[in-house]
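*Asks:* sequence and computational prediction follow.
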2 protein chains.
Amino acid sequence: MTDLQNDRLLRALAREPVDRAPVWLMRQAGRYLPEYRRVREQAGSFMNLCRNADMACEVTLQPLERFPLDAAILFSDILTIPEAMDLGLYFEPGEGPKFQKTVRTEADVRDLPVPDADTDLDYVVNAVSTIRSALGGRVPLIGFAGSPWTLATYMVEGGSSRDFRQLKTMIYATPERAHELLDKLARAVTDYLNAQIRAGAQVVQIFDTWGGALSDAAYREFSLRYLERIVAGLIREHEGRHVPVILFTKNGGLWLNDIAASGCDAVGLDWTMNMGEGRRQVGGRVALQGNMDPAVLHAPAEVIRAEVQRIRRDYGDHPGHVFNLGHGVTPEVDPDSVAVFVDEVCRGGD
Amino acid sequence: MTDLQNDRLLRALAREPVDRAPVWLMRQAGRYLPEYRRVREQAGSFMNLCRNADMACEVTLQPLERFPLDAAILFSDILTIPEAMDLGLYFEPGEGPKFQKTVRTEADVRDLPVPDADTDLDYVVNAVSTIRSALGGRVPLIGFAGSPWTLATYMVEGGSSRDFRQLKTMIYATPERAHELLDKLARAVTDYLNAQIRAGAQVVQIFDTWGGALSDAAYREFSLRYLERIVAGLIREHEGRHVPVILFTKNGGLWLNDIAASGCDAVGLDWTMNMGEGRRQVGGRVALQGNMDPAVLHAPAEVIRAEVQRIRRDYGDHPGHVFNLGHGVTPEVDPDSVAVFVDEVCRGGD
C-alpha cells in the first residue's frame, strides 16, 4: 500500500467523514490554462500530446501547481479506444473530432477489432505510470474512459452529432447490431480501465456524455446495462485499497436511482439536478459529484462564491460530496475564476 | 361558442375521459412533407411563407389531409417576436437562424422595443384567423410562442448556441439586466398569445426549448418565473370555452412538479422521462403531452408501433394524455412512418 498525503477524495467517495468536500474539475488540465497551450503547441497536435507520456504528465500536473486540488486526472481523450480500432481519428478545426471510417453495417461491427490496452493503448498506460510516479502520493490519480454508448455515437455518426440519427436508427431498427457494437466497446473499456488501474490509477470515472439523449427505456438497455457490465468487470481492489468508480451521465438526473444501483461508488451530476434532491434520492448509498454550471465561472468572484455556497448548502451536512463542475471547464474561462471556485470549496463551512 | 367536430384534445387537456388519447406532432407541418417543400419553394423564403396567410394556412392544413390528427398547429416560428424587435433575423443555410444585432449591453436591453402583436405581428394574427376559418371546426387550432428564456438565447447569442455563454454570463454577472430583458419578452409573449387567442387559437403552447440548459436554481429564476407570469396574463376563457395552456421545457423532466404548479393545463415531456413516472408525479393535476423520441420514426413500422404501445402502457389507464413526440419531426423522416405512428395511437387499447 502506497502512501497518499491527501486521501480526501477517497474518503469522500467511501462516504467517510472529511474536513471539507474534496474538489477537482473535469477538464482541469486544458486550453483555459496558458501553460497548457504552450505544451500543446510544442506537441504539434492534440494526439501527439496524448501519446507523449512526459508531455501528458506535464499538463496533468499543471492545474495542481496553480490550485489546491484534491485529485489529478489523467490527460487523455475518450476517443483513444475508437482510435485504436483503426477508425482514423482526426480533428477538423472548430468542428470537433471526426472519424475517416464510420461503423454502421453488420460487417462494420463484426470486423471491428477489440483493442488490447497493454499493447494498442500502451501510450495511455505509460502516461498513467509516469503521472502516478510524478505525483509522489500528493493526491490520487483518476483514470477515465468514455462509456460504450458515448463512444458509439462518435463511431457511428463519424463525429459529433446533434440528434444521433444514425446510432438511434441502429438501436431501433437493428438492436442486435447495436448490442454487438456496445458489447465490444464494453469489453474494450473494461480492459482499458483495468490497465489504467494496474498502472496506478486510484479512482476511475466513466464519461457517458451523450447517454442523456436517450429515452428512459433506451438508456437502460443501451447505456446503463453496459455501464453495469463494466463496473462488474473492473479491478476493485488494488495496492490494498478499494478502487472507486464514478459514473457520469450528462443529463442523466432522471435516472439517478438506477445509476446509483449499478455497483458504482459515486454518481456525477450535471447542474440541472439540485444536489439536495439528489442526496435525498440516493441517501448514503453512493457519493455524489458536482455540480456547478461551468458558465458561472464567467461571473464575478462573489457570484462564484455564492454559487459554491448554495450547492454546499443544498447537499447539506452529509459525507459523500465531491465538489466539481457539472461538465468540463470551457476554454474561455479565466484561470483566476477557477482559483476562486477552488478557494471557496476549500474554505468549507456552512 | 363555435362547433368543434373533434374536441378530443380539449377534453384530454381538461383530464376528462376520451375514447383514446388525442394525437398531434410538434412540427407536423414541415420539411419531411413533399407538399410542404413545394409551397416553401414557391414562397422563396421561410419568412415569406410565415408572412403569407394563405400559404401559412395551406401548409398548416397539409398534415391533416394525410393523417387523422386531432389538432392543427399554426405554421410559424418562435423567432417572430425577436424579428419584430428589429434584430434582423436571417437564415444561414445549414446553420440555423441568426440575428444581425445581438442584445448584450444595458443600452441594448433598455432600447429594445416591445412589439404590439396586432400591428407588428399582424401577419401571424391574420394567419391564425385564416387557418381557424379554413378548419371549419374540424379540429382545434393550437397557437404558440417561444418562452422568454428560449427567445433570449437567440437574441443574446445572435443565433443557435451550444453553451449559451453570453446569456449565462448575463444572468450570473448582471442578473438585473437579464431580468429586464426577460420581463420585456414575457410581456411581448403574453400580448402575442392573447392576440392569437382572440384571432381563434383554441389552445396555446409555449416552447421552452433551451430551459433545460439551466441549473435547477437558475431555471426557476430565469425561465419558470416568466412562464408563470405569462400563464397568469393569458386570456383563459374565449368563445365560451376554457383556453388550455401547454408548457414544454425540453430536458425539464427534473422540474416537472414545479412546471405543473405554474397554472398551466398540461406539461409537454421529452422522451427522457418515463410517462408513468411523470403521471405518478403530477397525479391528475395537469395533463401530460408526449413523448416518443422522433428518432424512432426511422425504425421499421413494428418498432414504431411497439414504442407507441410502451408509452401508452407506461402512462396507464388515466385521462389526460395527449400523444405527441418528445420534440419536433425531423426533416429526414418518411411521412409513411408518421402515418404508422398516428395510426397506432388511433388504434387505442393497450
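*Replies:* Structure received.
*Asks:* does the residue lying farthest from the centre of chain A count as helix, strand or coil?
*Replies:* Among residues of chain A, the one most distant from the C-alpha centroid is A:A107; the distance is 30.6 Å, by C-alpha atoms, centre = their mean. What DSSP: H, G, I helix; E, B strand; the rest coil gives for A:A107 is helix.
*Asks:* show me how far the helix or strand hosting A:V340 is from its chain's centre.
*Replies:* Using DSSP states H and E, A:V340 sits in helix A:335-347. Between the centre of helix A:335-347 and the centre of its chain there are 21 Å (C-alpha atoms, centre = their mean, to the nearest Å).
*Asks:* cool, stretch A:53-61 as well?
*Replies:* 17 Å.
*Asks:* so what touches that stretch?
*Replies:* Residues from elsewhere that reach stretch A:53-61 (C-beta atoms under 8 Å, 6 or more residues apart in numbering or on different chains): A:29, A:36, A:39-40, A:42-43, A:48-50, A:72-76, A:123, A:126-127, A:129-131, A:134-135. Where you see a C-beta, it was placed from the backbone N, CA and C, and this is true even at glycine.
*Asks:* now do the buried residues in that stretch.
*Replies:* A:A53, A:M55, A:A56, A:C57, A:E58, A:V59, A:T60, A:L61 (16 or more other C-beta atoms under 10 Å in any protein chain shown).
*Asks:* make JSON lines out of those and add pLDDT and secondary structure.
*Replies:* Below are these laid out as JSON lines (pLDDT from 0 to 100; DSSP: H, G, I helix; E, B strand; the rest coil):
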{"residue": "A:A53", "pLDDT": "97", "secondary structure": "helix"}
{"residue": "A:M55", "pLDDT": "98", "secondary structure": "helix"}
{"residue": "A:A56", "pLDDT": "98", "secondary structure": "helix"}
{"residue": "A:C57", "pLDDT": "98", "secondary structure": "helix"}
{"residue": "A:E58", "pLDDT": "98", "secondary structure": "helix"}
{"residue": "A:V59", "pLDDT": "98", "secondary structure": "helix"}
{"residue": "A:T60", "pLDDT": "98", "secondary structure": "helix"}
{"residue": "A:L61", "pLDDT": "98", "secondary structure": "helix"}
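*Asks:* ok, of those residues, which one's closest to chain B?
*Replies:* Lowest distance from chain B to these (C-beta to the nearest C-beta) belongs to A:V59, with 22.8 Å.
*Asks:* residues of chain A that sit close to chain B?
*Replies:* Contact residues, chain A versus chain B (C-beta under 8 Å from any C-beta of the partner chain): A:163-165, A:168-169, A:172-173, A:212, A:214-219, A:251, A:253-254, A:271-274, A:277, A:291-293, A:295-296, A:298-300, A:303, A:307, A:310, A:326, A:330, A:332.
*Asks:* from those, which land in strands?
*Replies:* Counted as lying in strands by DSSP state E, out of the residues of chain A next to chain B, are A:N291, A:M292.
*Asks:* where does pLDDT dip in chain A?
*Replies:* The model of chain A has pLDDT under 70 over residues A:1-2, A:350.
*Asks:* if you set the cut-off to 90 instead, what comes out?
*Replies:* A:1-3, A:91-96, A:162, A:348-350 (pLDDT under 90).
*Asks:* ranges for the strands of it?
*Replies:* Secondary structure of chain A (DSSP E): strands located at A:72-73, A:89-92, A:96-99, A:141-146, A:203-208, A:237-238, A:241-242, A:245-249, A:266-268, A:287-292, A:321-325.
*Asks:* picking up where we left off before, from the contact counts, what lies against the helix holding A:V340?
*Replies:* Contacts defined by 3 or more C-beta pairs under 8 Å, 6 or more residues apart in numbering or on different chains; DSSP states H and E place helix A:335-347 against helix A:53-66, helix A:301-315.
*Asks:* including distance to B:R285, could those helices go into a markdown table?
*Replies:* Below are the helices and strands packed on helix A:335-347 laid out as a markdown table (distance: least, C-beta to C-beta, whole Å):
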| stretch | distance to B:R285 |
| --- | --- |
| helix A:53-66 | 47 |
| helix A:301-315 | 25 |
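*Asks:* closest to A:A12 out of those?
*Replies:* helix A:301-315 (11.1 Å; C-beta to C-beta).
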